[in-house]
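Q: Sequence and predicted structure are below.
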Amino acid sequence: MRTAKTHTRSTWGLAALGAILASSSALAAGIGQPEPWQMDRQVPVTENARDILHFEVGLHWLSLGISLFVLALILYCIFKFSEKANPVPSKTTHNTMIEVAWTIVPVLILVAVAIPSFRLLRTQLSDPKADVIVKVIGHAWYWSYEYPADQGGGFTFDANLDEEKMPKLLGTDNDMVVPVNKIVKVQVTAADVLHSWAVPSFGFKIDAVPGRLNQFWFKADREGTYHGQCSELCGQRHAYMPITVRVVSDEAYAQWLTEAKTKFARIDDGSKLADAR
């Protein structure tokens, strides 16, 4: 009976190990969409997203180093200052060198973390000249996209959840389309309640606030379809506000603009957007 139980446990252990090894590729980050059992960020396709990934990985290694150092100190104290090793305990209460060190070293660590952090913020808050401008409006519970007439657009369309498309709950009936290797400036607002426009592969997440126009930019360097979702709890169907952005070549973008003018024709003379340099 004991042998049978041991054999069963070994079988389950080998099966679990095999499942982990077989799914190792699934543990990697997805491109433009999440993957089952994903443990990393989605593959970055903008400079900002890559900087965020590198900064995060660096912080993880720093945290690991600090944790191991603290663990080593704890183990050292346990064995060095145990009752067996020190039958007569020390009465030392202060050590100037140690107190100065544990004050200066954390400060230096924080400074080292702050430098790349501020550099990343500077990139995010910079305001480069836009090649394409798109206005995004959050509604309950869908998104609207406006392309200005002075950039070949002059139309508006809504993007609702398309439950027939894959990946599940991330596909839309109409996609936002932008050209590759172009600076796209996105102006975000909301028509009713707070929303948040977020696409992980672009490394951006920005709030959509009624009566306020927020702005950010990205430059995707890889063609493909990238998915996101509303990231601000906005009501009953918050989980059904997907975002789909297609990054295409200049030729495909020009063709899409031509088709979109007919598909999303409107009776006025186009959208009005805030000035963007």
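A: Cool, got the structure.
Q: and the spatially closest residue to residue 117 that is not a sequence neighbour, backbone torsions?
A: Leaving aside its sequence neighbours, residue 117 sits nearest to residue 55 (Cβ to Cβ, 6 or more residues apart in numbering; 7.0 Å). Any C-beta I mention is one placed from the backbone N, CA and C, and that applies to glycine too. Phi and psi for residue 55, reported as degrees, to the nearest 10, are phi -60, psi -40.
Q: List the residues that contact residue 55.
A: 116, 117, 120 (Cβ atoms under 8 Å, 6 or more residues apart in numbering).
Q: For the most centrally placed residue in the chain, give me the pLDDT.
A: By Cα atoms, centre = their mean, the chain has its centre lying nearest to residue 200, at 3.4 Å. Confidence at residue 200, expressed as pLDDT, is 91.
Q: what sits against it?
A: By Cβ under 8 Å, 6+ apart, the contact set of residue 200 is 41, 42, 49, 228.
Q: surely the second one meets residue 53?
A: It refers to residue 42. No: contact criterion Cβ atoms under 8 Å: residue 42 and residue 53 do not qualify, at 9.4 Å.
Q: Please report how far residue 132 lies from residue 255.
A: Noted for residue 132: a distance of 15 Å to residue 255, by Cβ to Cβ, to the nearest Å.
Q: Tell me which of these two has more neighbours.
A: Set side by side, residue 132 and residue 255 show more neighbours around residue 132, with 20 against 13, by other Cβ atoms under 10 Å.
Q: Is the residue lying closest to that one once chain neighbours are set aside bridged to anything, and to what?
A: In space, and not counting its chain neighbours, residue 132 is closest to residue 184: 4.7 Å by Cβ to Cβ, 6+ apart. Residues in a beta bridge with residue 184, per DSSP bridges, are residue 132, residue 218.
Q: what's the neighbour count on residue 184?
A: Neighbours of residue 184 (other Cβ under 10 Å): 22.
Q: That one and residue 134, how far apart?
A: Distance from residue 184 to residue 134, by Cβ to Cβ: 7 Å.
Q: Next: residue 89.
A: Using Cβ to Cβ, residue 89 is found at 69 Å from residue 134.
Q: Which residue of those two possesses the greater neighbour count?
A: More crowded of residue 89 and residue 134, by other Cβ under 10 Å: residue 134, with 22 against 8.
Q: hang on, the earlier thing: counting neighbours, which of the contacts of residue 55 comes out on top?
A: residue 120 (16 neighbours).
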